[in-house]
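J.: need a 3D model of the following:
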Amino acid sequence: MDAADACQRRLGAQFLLRPAADVTEVVRALGAVQAQDYPGAKWALGQRVVGATDATIEALFTAGSILRTHVLRPTWHFVAPEDIRWMLRLTANRIGATMASYNRKLELTADVFRRSHDTIARALEGGRHRTRTQLKDALAREGIMASGQRLGHLMMQAELDAVICSGPRQEKQFTYALLDERAPPTRTRDRDESLEDLTLRYFATRGPATVADMSWWSGLNTADVKRGIDIAGKRLRKVDVGDRPSWLVERQRKPRARASAHLLPNYDEYFIGLRDRAAIGQRARALHLVTGGDALIAHIAFIDGQLVGGWRRLHDRSGVIVALDLVTRVTRDERERLE
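T.: As a prediction, the model looks like this:
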């Protein structure tokens, strides 16, 4: 399988060629949608749903139909309420291990976390939603120092330990809510069942992808990913993309070829969901522009799943202007698609 074929399959599997009817359907299918950049994450969902607007997605977030928490890699993701608990049980220990050295430097011990969890829970119980600043004040009243990085780590650990998740926004301020009040308890799964579910969702929507790709996306180690592939068995099909062994869901058909153009946000799952992103850089031969700490492009412009440049949203008196920064030549037809 060549890079162009891989890109078409991923576009189709991620609702970018045929949008879904419902935002929650997309979140469930993708498993988790990176939401570090909240406006960008809403744009990512909107690209995949017929007729979606910022207001409709915000309303679902306010109602708790989609939640935002730290899960998988130590960053924020959108997840469905029914998935949040088993995903946390599967990945929280790995995230905690990543954060352990930072916690030690900040003198955050198990006892401190226990006290902070209790304080935060009391502040939120009864359906109350509190901003980070309000919870910082509640912690201070209990003698728990929560300034600077300590506050962020205290909140993250409360998310990882399934104490809190996102609440509705208060104007532009994010709030937290008790997870038990936002997402009622669900049936407890064993680890293999959770691995199987996450593995199938990943390869169904990011495939063809490698073991290293899923390990990067999920935060799980290589052994766990291989275990998930073994459990999935014949429901996955092994293919070679170039010289890399990759997997996709057996029922995942190649979508009918069609011309496409997309303006996707930073951290979009089409891009961030894979460790090896070489397939999208075949045309521009400029993948370094969007990888690493010195990335020059945030929001990415694609033609037929291939990187052709970046885009920026600018404001002037007449409204909003979208400026394209192309890194390779495009045809007149392709430019019209981007426009």
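J.: shaky segments in this protein?
T.: Confidence mapping of the chain against pLDDT under 70 gives the ranges 252-253, 289-297.
J.: now residue 287: closest residue in space, sequence neighbours ignored.
T.: Nearest non-adjacent residue to residue 287, counting by Cβ to Cβ, 6 or more residues apart in numbering: residue 281, 3.2 Å away. C-beta coordinates here come from the backbone N, C-alpha and C atoms, glycine included.
J.: what separation do you get for the one you found and residue 309?
T.: Distance of residue 281 to residue 309, computed by Cβ to Cβ, to the nearest Å: 12 Å.
J.: what do you get for residue 70?
T.: Counting by Cβ to Cβ - residue 70 and residue 309 are separated by 32 Å.
J.: what do you get for residue 212?
T.: 27 Å.
J.: what about those two, which has more around it?
T.: residue 309 (22 against 14; other Cβ atoms under 10 Å).
J.: the more buried one - that's part of a strand, no?
T.: Yes: under DSSP: H, G, I helix; E, B strand; the rest coil, residue 309 falls within a strand.
J.: which non-adjacent residue is nearest it?
T.: Per Cβ to Cβ, 6+ apart, closest to residue 309 is residue 326, 3.8 Å.
J.: residue 308 is in contact with that neighbour, correct?
T.: Yes: look at residue 326 against residue 308 with Cβ atoms under 8 Å: they come within range, at 5.8 Å.
J.: anything in contact with each of these two?
T.: residue 301 (Cβ atoms under 8 Å, 6 or more residues apart in numbering).
J.: pull the longest helix from the protein.
T.: If you go by DSSP state H, the chain has its longest helix at helix 84-105.
J.: show me what it is in contact with.
T.: 31-32, 67, 69-74, 79, 109, 149, 153, 156-157, 159-162, 165, 179, 183, 185-186, 188-189, 191, 193-195, 197-198, 218-221.
J.: now do whichever helix or strand comes after it: distance to the chain's middle.
T.: Downstream of helix 84-105, the next assigned helix or strand under DSSP states H and E is helix 110-124. From the chain centre to the centre of helix 110-124 is a distance of 27 Å (Cα atoms, centre = their mean, to the nearest Å).
J.: same check on stretch 265-277?
T.: Its chain's C-alpha centre and that of stretch 265-277 lie 9 Å apart, by Cα atoms, centre = their mean.
J.: residues of it that come out buried?
T.: Across stretch 265-277, burial judged by 16 or more other Cβ atoms under 10 Å covers 265, 266, 267, 268, 269, 270, 271, 272, 273, 274, 277.
J.: helices of the stretch 51-200 of the chain, residue ranges please.
T.: Here the stretch 51-200 of the chain has its helices, by DSSP state H, counting those that start in this stretch, at 54-63, 84-105, 110-124, 132-141, 149-160, 179-182, 191-206.
J.: so which of the ones you listed comes closest to residue 10?
T.: Among the helices of the stretch 51-200 of the chain, the nearest to residue 10 by Cβ to Cβ is helix 191-206 (6.4 Å).
J.: ok, and what's touching the closest one?
T.: Contacts of helix 191-206 (Cβ under 8 Å, 6+ apart): 10, 13-14, 29-31, 86-87, 89-90, 189, 209, 213-214, 217-218, 220, 224-225, 227-229, 231-232, 235-236, 247-249, 252, 269, 273-274.
J.: the residue nearest to residue 287: neighbour count?
T.: 18.
J.: more crowded one of residue 326 and residue 308?
T.: Neighbour count, other Cβ under 10 Å: between residue 326 and residue 308, residue 308 has more, with 24 against 16.
J.: these two touch, right, that one and residue 282?
T.: No: using Cβ under 8 Å as the test, residue 308 is too far from residue 282 to be in contact (11.2 Å).
J.: could I have the CA atoms of stretch 329-339 written out in CSV?
T.: The C-alpha atoms that make up stretch 329-339 are tabulated as CSV, following Å, rounded to 0.1, in the frame of the first residue of the first chain:
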residue,chain,number,x,y,z
ARG,A,329,2.4,24.5,-5.8
VAL,A,330,-1.3,23.8,-6.2
THR,A,331,-3.4,23.7,-9.3
ARG,A,332,-6.2,26.2,-10.0
ASP,A,333,-8.8,23.5,-9.2
GLU,A,334,-7.0,22.7,-5.9
ARG,A,335,-6.9,26.3,-4.9
GLU,A,336,-10.6,26.6,-5.6
ARG,A,337,-11.2,23.6,-3.4
LEU,A,338,-9.2,25.3,-0.6
GLU,A,339,-11.1,28.6,-1.1
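J.: in it, what counts as buried?
T.: Quick answer for stretch 329-339 (16+ other Cβ under 10 Å): 330, 334, 338.
J.: how many neighbours does residue 300 have?
T.: Residues near residue 300, counting by other Cβ under 10 Å: 22.
J.: ok, the residue lying closest to it once chain neighbours are set aside to residue 302 distance?
T.: Once flanking residues are discounted, residue 300 sits nearest to residue 264: 5.3 Å by Cβ to Cβ, 6+ apart. Distance, residue 264 to residue 302, by Cβ to Cβ: 6 Å.
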